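Student: need coordinates for the below:
(one chain, ligands or ions: 1)
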Amino acid sequence: MKKNRNLKVAIVMGSQSDFKTMKLSAKILKTMGVKFETKIISAHRTPKRMYEFAENASKNNIGVIIAGAGGSAHLPGMISAITSIPVLGVPIESKKLKGLDSLLSIAQMPKGIPVGTLAIGDDGAINAALLAAAIISNNNPIVKKKLNNWRLSQTRSVKKNPR
Ligand code: RP5
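Tutor: Model prediction:
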């Protein structure tokens, strides 16, 4: 199969209220030089939008989908049911259950339709983007270099002794 160096990441989220978390994914992808788009797509409030997005994702050059959702967080699983593009789920920290509801909804996909599940909240959004960049970097040496440099600079930033 021909290598596609123009693959994009789609960052989708169930609500505008998720953006304060999901914008951290966007920030990381910008640093990595990965092309991306952001969209509000709700599995229950905008099901047709969800279906159309997932159905056309491959045609639209999307290589990885990051899906953030909170509560009964079915968005990542539903998208993964429609497309075989890798889906990374970010459990949004909900008010009542602190995101445990989101985490279990996203992680406990029954066999056959996978969703890669990250940590609850900001850490998950950041790691989802790092993982998406790592997937994209398999076909893109520039992204690979940026990702490795980012990791190196993180390693160098850790002091040897506390003060
Ligand atoms: C989910 O419901 C969204 O992903 C969001 O985390 C949660 C609450 O949505 P809003 O009521 O803030 O729009 O669909």
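Student: need the contact list for the residue positioned nearest the centre of the chain.
Tutor: Nearest to the mean C-alpha position of the chain, by C-alpha atoms, centre = their mean, lies I66 at 2.2 Å. If you count contacts by C-beta atoms under 8 Å, 6 or more residues apart in numbering, I66 has them with 9-12, 22, 25, 87-88, 90, 125, 128-129, 132. Placement of C-beta: from N, CA and C, glycine included.
Student: I'd like to know how far G71 sits from D123.
Tutor: 19 Å (C-beta to C-beta, to the nearest Å).
Student: where does I65 land in three-state SS?
Tutor: Assigned with DSSP: H, G, I helix; E, B strand; the rest coil, I65 falls in the strand class.
Student: report how many residues lie close to it.
Tutor: Residues lying near I65 (other C-beta atoms under 10 Å) number 27.
Student: what about stretch 38-56 and the ligand, touching?
Tutor: Yes - applying C-beta under 6 Å from any ligand atom, one finds stretch 38-56 touching the ligand at S42.
Student: so how far is that stretch from its chain's centroid?
Tutor: 15 Å (C-alpha atoms, centre = their mean, to the nearest Å).
Student: one more: stretch 149-161?
Tutor: So, by C-alpha atoms, centre = their mean, the centroid of stretch 149-161 is 24 Å from its chain's centroid.
Student: tell me the residues of this structure that contact the ligand?
Tutor: Counting by C-beta under 6 Å from any ligand atom, the chain sits next to the ligand at G14, S15, S17, D18, S42, A69, G70, G71, I92.
Student: could you redo the last one with a cut-off of 5 Å?
Tutor: G14, S15, S17, D18, A69, G70, G71, I92 (C-beta under 5 Å from any ligand atom).
Student: what are the contacting residues of stretch 111-119?
Tutor: Looking at what lies outside stretch 111-119 - C-beta under 8 Å, 6+ apart - the contacts are 67, 76-77, 80-81, 86-91, 103, 106-107, 109, 124-125, 127-128, 131.
Student: swap in 7 Å and give it another go.
Tutor: 76-77, 80-81, 86-90, 106-107, 109, 124, 127-128, 131 (C-beta atoms under 7 Å, 6 or more residues apart in numbering).
Student: what does stretch 30-44 give?
Tutor: 8-16, 26, 29, 49-50, 53, 74-75, 78, 132-133, 136, 142-143, 146-147, 150.
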